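Peer 1: quick one, structure for this:
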Amino acid sequence: MLAKRIIPCLDVDKGRVVKGKKFQNIQDVADPVELAQRYNQAGADELVFYDITASNEERDILADIVEKVAAEIAIPFTVGGGLRTVEDIHKILRSGADKVSVNSSAVVNPQLIQQSALKFGSQCIVLSIDAKQTADNKWMVFTKGGRNNIGLDAIEWAKRGEELGAGEIVINAIDTDGEKNGYQLDLIKQLAEAVNIPIVASGGAGKLEHFSDVLQEGYADAALAASVFHYNEIPIPELKQYLQTKAINVRSEQSWR
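Peer 2: Alright, predicted model coming up:
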């Protein structure tokens, strides 16, 4: 059985790691390079870097910061934000990313998923979906920082993304983002049952039990979180020890070294 993954997320704005709630009330946290070094040492399985304003501001991602982070870590590194073309993706992969995450650009141009998967391989193309609940057991895809309902069912979009060649799905539950009340298990279960590629759950981690819930009951392959790691509310070594007591297969801190 494949090990479940624990993934810290760096939301970066103007060169600094930031964090908010439900994509609002953004607060400064730390320097991305220093935080990446900390997570590399703490035993994180992967690291995700989102330039959260690149798409909205219609600008390129901060490749220089990506290069600096990549130079300091030895774990798989996913980068997203403002990647609109195959050339953009190639540039970020050359800057040191192992995987790229596409979101708004893929909604506008779904063929970007197929074109980039064919060129670079599905294993490094991640489809990130920002979803908000609009009815019972119904989640829609939102863009523009959770402000724009584009009328696309999140589960159907994930299935389409898999068909086009995405190798992984990151599902960001806007309703639970930053609330620390737990992941949106109903959404993640539906998604896990609908696709055959790995699911990374995002939005809502607040305590140890939330990670075990989403990795067992929610069927997620990985759990992504930000503030509980940034503020050391849940140290990653402690989290992994806890998950092992729940019979959840996770890599030990030393396994990357």
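Peer 1: what lines up beside the helix or strand hosting residue 48 in the sheet?
Peer 2: With the criterion set as DSSP states H and E, the secondary-structure element containing residue 48 is strand 47-51. Paired neighbours of strand 47-51 in the sheet (DSSP bridges): strand 5-13 (parallel), strand 77-80 (parallel).
Peer 1: and those, which is most packed in?
Peer 2: For the strands paired with strand 47-51, ranked by mean neighbour count under the definition mean count of other C-beta atoms under 10 Å, the leader is strand 77-80 at a mean of 26. Where you see a C-beta, it was placed from the backbone N, CA and C, and this is true even at glycine.
Peer 1: tell me the buried residues in the next helix or strand after that strand?
Peer 2: Using DSSP H and E, the helix or strand that follows strand 77-80 in sequence is helix 86-94. For helix 86-94, burial by neighbour count (16 or more other C-beta atoms under 10 Å) applies to 88-89, 91-93.
Peer 1: excluding chain neighbours, give the residue nearest to residue 194 in space.
Peer 2: Nearest residue to residue 194 in three dimensions, chain neighbours excluded: residue 155, at 5.1 Å (C-beta to C-beta, 6 or more residues apart in numbering).
Peer 1: would you confirm that the one you found contacts residue 190?
Peer 2: Yes - contact criterion C-beta atoms under 8 Å: residue 155 and residue 190 qualify, at 5.6 Å.
Peer 1: can you give me the end-to-end span of stretch 75-94?
Peer 2: Across stretch 75-94, the terminal residues are separated by 16 Å (C-alpha to C-alpha, to the nearest Å).
Peer 1: ok, of the buried residues of helix 86-94, which one's closest to residue 197?
Peer 2: Top of the list for closeness to residue 197, among the buried residues of helix 86-94 and by C-beta to C-beta, is residue 89 at 18.1 Å.
Peer 1: report pLDDT for the closest one.
Peer 2: pLDDT for residue 89: 96.
Peer 1: ditto for the one 3 residues further on
Peer 2: The model reports residue 92 with a pLDDT of 95.
Peer 1: so it touches residue 100, yeah?
Peer 2: Yes - the pair residue 92 and residue 100 qualifies as a contact (C-beta under 8 Å) at a distance of 5.6 Å.
Peer 1: what touches both of the two?
Peer 2: Taking C-beta atoms under 8 Å, 6 or more residues apart in numbering as the criterion, residue 92 and residue 100 both touch 79, 83.
Peer 1: which residues do residue 155 and residue 190 both contact?
Peer 2: residue 139.
Peer 1: then the helix or strand where the residue nearest to residue 194 lies to CSV, C-alphas only?
Peer 2: When secondary structure is defined using DSSP H and E, the element that contains residue 155 is helix 154-164. Once non-C-alpha atoms are left out, helix 154-164 reads as follows in CSV (Å, rounded to 0.1, in the frame of the first residue of the first chain):
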residue,chain,number,x,y,z
ALA,A,154,-16.5,20.0,-9.3
ILE,A,155,-16.8,16.2,-9.6
GLU,A,156,-17.4,16.3,-13.3
TRP,A,157,-14.5,18.7,-13.8
ALA,A,158,-12.2,16.4,-11.9
LYS,A,159,-13.3,13.5,-14.1
ARG,A,160,-12.6,15.5,-17.2
GLY,A,161,-9.2,16.5,-15.9
GLU,A,162,-8.3,12.9,-15.4
GLU,A,163,-9.4,12.1,-19.0
LEU,A,164,-7.3,14.9,-20.3
